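Asks: A predicted structure for the sequence below; I have some questions about it.
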Amino acid sequence: MFSRALLTYEYSVLFPCSCIQIDFNQGIDPGAPFSEYPGSPTHALYDKFDAASQPVSTRGEYAWQDLGLGDIRGPCADLNAAANHGYLPRDGIATAETINTGLWEASGLDKTATLFLQTTTMFFDGDPLSGRWSIGYHSDKTQSLGIVGDLLGNETGICAYGHLKTEGDASITREEWLEAGMNSNRASYPEFAQELLDLAKARTGGNLTPQVMTEHQYNRKQHSITTNPNYFSPAYAGIAFTFGAHMFAYELLANHSAEYPRGFVKLEVFESFSSSTRDANNKLVFTYGHERVPENWYHRADDDAWTLTDILISIAQQCLSYPSNCQVGGNTGEVNSFSGVDLAILLVILLTLLLI
Ligand code: HEM
């Protein structure tokens with residue numbers, strides 16, 4: 001009773017716009033239509049563009065470079081692209097300072113969000129003493145205590161054995177570390193990228209929107225439940241991070257212009273950021289470490305940044321639209337054996353507190 005009232009209240013606050021277009025006859029039926037402009041309601045009204053402060057340079061010191069010997073890349077399209085362009089250290093070893101300045105300059109990720117992501121990642125996957133962590137698999141460069149540090153535990157980096165700390169299953173295009181066969185959690189699998197692009201074409205004619213991203217996420221979770229006996233979705237890696245990454249693909253990869261001050265993600269933009277090209281048969285091909293910031297790409301406006309509050313609100317919105325995605329749990333050694341605990345109500349309460 002209480003939860004239904006709360007859902008109704010939240011729905012009216014967050015989805016006041018009757019112009020939201022959701023096709024209920026195709027695909028799955030969302031519990032509540034997912035917002036066209038998720039996060040804080042102010043983003044829906046943003047209408048400014050500044051050609052001086054929003055362009056992201058891909059020239060000079062920020063020119064794209066191929067990987068050098070030992071350079072590391074991982075599951076995050078943007079950390080990889082930022083390192084390839086020198087916004088982050090090109091060897092793939094991040095520090096608090098380089099993440100704070102690099103992600104702001106390269107993506108317009110607000111410092112509240114960066115601080116949270118950087119701090120948790122450093123603790124889960126890196127070296128809390130030096131603040132260093134690898135944007136991919138384990139690197140000896142993060143360790144500051146030598147052999148003593150090794151005895152204390154493996155600084156995994158965000159993928160490979162970093163699995164289920166920040167990196168999770170049912171990712172946008174990566175596979176699952178504990179799935180037999182296709183199990184790289186840092187390679188982008190063209191079949192999943194193609195599924196996303198096909199969905200975008202079906203729903204919008206070819207642009208990635210927040211609604212497309214949430215529907216893709218639902219599809220990816222169903223795929224994992226039906227194919228990976230070891231699929232698991234913990235609260236942080238599975239709900240917070242995977243949900244966060246799905247929103248980043250629109251909120252922070254979108255290109256901006258005077259015509260589209262709130263951003264616009266063409267498929268080519270996503271392909272460039274996710275290191276995908278086309279072969280002679282127009283099939284997607286992934287190349288490790290070739291993520292690029294597209295030419296003439298403009299990040300979010302400084303006064304319309306994507307903040308930690310936006311991340312939390314959009315996670316709760318995703319839970320409202322696709323409650324089954326919000327369950328913490330996993331398969332129990334067999335496919336289709338998912339057993340989970342529902343976090344949706346907790347997240348809606350959190351959202352209510354944020355909005356008060
Ligand atoms: C400190 C900041 C960040 C950290 C620690 C981080 C980490 C990660 C991790 C662990 C994943 C894998 C998620 C999963 O398993 O589902 C991921 C994926 C992703 N991230 Fe980030 N990320 C950060 C910032 C960003 C930013 C600023 C953007 C966009 C501009 C971004 C865009 C993406 C995208 C699009 C993916 C999905 C890749 C795919 O599955 O194809 N990330 N990130």
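Replies: Received it, and whenever you're ready, just let me know what you need. Numbers count the residues shown, from 1 in each chain.

Asks: Give the closest residue to the residue in the stretch 201-350 of the chain that the ligand sits nearest to in space, chain neighbours not counted.
Replies: Nearest residue of the stretch 201-350 of the chain to the ligand, counting by CB to the nearest ligand atom: Leu252, 3.2 Å away. The way it works is simple: take the backbone N, C-alpha and C, and place the C-beta from them, glycine included. Closest residue to Leu252 apart from its sequence neighbours, by CB to CB, 6 or more residues apart in numbering: Ser107 at 4.9 Å.

Asks: mind listing what the residue of the stretch 201-350 of the chain closest to the ligand touches?
Replies: Contact analysis of Leu252 by CB atoms under 8 Å, 6 or more residues apart in numbering lists Asp78, Ser107, Gly108, Leu109, His299, Arg300, Trp306.

Asks: neighbours of the closest residue to Leu308 other than its chain neighbours, just the number please.
Replies: Spatial nearest neighbour of Leu308, excluding adjacent residues (CB to CB, 6+ apart): Thr112 at 4.1 Å. For Thr112, the count of nearby residues is 15 (other CB atoms under 10 Å).

Asks: Okay, the residue nearest to Leu252 and Leu88: tell me how far apart.
Replies: 11 Å (CB to CB, to the nearest Å).

Asks: Which residues of the chain lie near the ligand?
Replies: Proximity of the chain to the ligand is confined to 75-79, 99, 103, 107, 109, 114, 117-118, 121, 158, 166-168, 171-174, 188, 241-242, 245, 248-249, 252-253, 274 under the rule CB under 6 Å from any ligand atom.

Asks: In helices, which of those residues fall?
Replies: When DSSP state H defines the helices, the subset of these inside them is 77-79, 99, 103, 107, 114, 117-118, 121, 242, 245, 248-249.

Asks: pLDDT check: weakest of these?
Replies: Looking at those by pLDDT, the weakest one is Thr242, with 86.

Asks: isn't it right next to Thr214, touching?
Replies: No: contact criterion CB atoms under 8 Å: Thr242 and Thr214 do not qualify, at 11.3 Å.

Asks: just to revisit the earlier point, export the ones in helices among the residues of the chain next to the ligand to JSON lines and tack on neighbour count and distance to Cys319?
Replies: Listed next are these as JSON lines, based on neighbours: other CB atoms under 10 Å; distance: CB to CB, whole Å:
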{"residue": "Ala77", "neighbour count": "25", "distance to Cys319": "24"}
{"residue": "Asp78", "neighbour count": "23", "distance to Cys319": "24"}
{"residue": "Leu79", "neighbour count": "26", "distance to Cys319": "26"}
{"residue": "Ile99", "neighbour count": "26", "distance to Cys319": "27"}
{"residue": "Leu103", "neighbour count": "25", "distance to Cys319": "26"}
{"residue": "Ser107", "neighbour count": "25", "distance to Cys319": "25"}
{"residue": "Thr114", "neighbour count": "20", "distance to Cys319": "24"}
{"residue": "Leu117", "neighbour count": "21", "distance to Cys319": "20"}
{"residue": "Gln118", "neighbour count": "22", "distance to Cys319": "25"}
{"residue": "Thr121", "neighbour count": "24", "distance to Cys319": "23"}
{"residue": "Thr242", "neighbour count": "25", "distance to Cys319": "12"}
{"residue": "Ala245", "neighbour count": "22", "distance to Cys319": "16"}
{"residue": "Phe248", "neighbour count": "22", "distance to Cys319": "17"}
{"residue": "Ala249", "neighbour count": "25", "distance to Cys319": "18"}
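
Asks: low-confidence ranges in the stretch 1-150 of the chain?
Replies: For the stretch 1-150 of the chain, the stretches with pLDDT under 70 are 1-29.

Asks: mind listing the strands for it?
Replies: Listed in chain order, the strands of the stretch 1-150 of the chain (DSSP state E, counting those that start in this stretch) span 93-94, 133-134.

Asks: Within the sheet, what are the partner strands of the first one, with directions?
Replies: Strands flanking strand 93-94 in the sheet, each with its direction: strand 133-134 (antiparallel) (DSSP bridges).

Asks: show me what contacts the residue nearest to Leu252?
Replies: Val56, Asp78, Ala82, Leu252, His299, Arg300.

Asks: That one and Gly181, how far apart?
Replies: Taken as CB to CB, the span from Ser107 to Gly181 is 33 Å.

Asks: how far is stretch 178-195 from where the chain is centred?
Replies: 16 Å (CA atoms, centre = their mean, to the nearest Å).

Asks: Correction: the previous question concerned stretch 49-58.
Replies: With CA atoms, centre = their mean, you get 22 Å for stretch 49-58.

Asks: Endpoints of it, how far apart?
Replies: With CA to CA, to the nearest Å as the measure, stretch 49-58 spans 20 Å from end to end.

Asks: do stretch 59-75 as well
Replies: Termini of stretch 59-75 sit 25 Å apart (CA to CA).

Asks: SS state for Val285?
Replies: Secondary structure state of Val285, per DSSP: H, G, I helix; E, B strand; the rest coil, is strand.

Asks: go on, Gln317?
Replies: helix.

Asks: Now do the residue nearest to it when sequence neighbours are not counted against the ligand, distance only.
Replies: If the residues on either side of it in the chain are set aside, Gln317 comes closest to Pro38, at 5.1 Å by CB to CB, 6+ apart. Going from Pro38 to the ligand by CB to the nearest ligand atom, to the nearest Å gives 15 Å.

Asks: Pro128 too?
Replies: As judged by CB to the nearest ligand atom, Pro128 and the ligand stand 15 Å apart.
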